[in-house]
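Undergrad: need a 3D model of the sequence below.
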Amino acid sequence: MNLEKLISMVSRLFFLAAFGLLGLGFIEGVANATGYTIITTFQYRAGRLVEFAAVLLVFVIAMQMRELKAELKSRKP
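TA: Alright, predicted model coming up:
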């Protein structure tokens, strides 16, 4: 497995994880507003889950920009 495929797979994984955390954060926020909780194991609030999702998305953006830079560099004559 070469580095480009590994970076692509990690990028996809982080992207899906970020949207999963974002969705879970919103659901947890709605549940907390009604007096319930979904996440009892980790004790993270909804805002903290959204922060984790944002951090993962920053890494995805950085990896995508790295791939784009390499692609543009290889196309230069």
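Undergrad: what helix or strand is the most centrally placed residue in the chain on?
TA: For the chain, the residue nearest the mean C-alpha position is residue 18 (2.6 Å; C-alpha atoms, centre = their mean). In the assignment (DSSP states H and E), residue 18 maps to helix 3-33.
Undergrad: past that helix, which element shows up next along the chain?
TA: Per DSSP H and E, the first helix or strand lying C-terminal to helix 3-33 is helix 46-75.
Undergrad: mind giving me the packing neighbours of that next one?
TA: helix 3-33 (3 or more C-beta pairs under 8 Å, 6 or more residues apart in numbering; DSSP states H and E). Quick note: C-beta positions are derived from backbone N, CA and C, even for glycine.
Undergrad: elements contacting the helix it packs on?
TA: Looks like helix 3-33 contacts helix 46-75 (3+ C-beta pairs under 8 Å, 6+ apart).
Undergrad: now the helix it packs on against helix 3-33, angle please.
TA: Angle, helix 46-75 to helix 3-33, by axes from the mean of the first three to the mean of the last three C-alpha atoms, to 10 degrees: 160 degrees.
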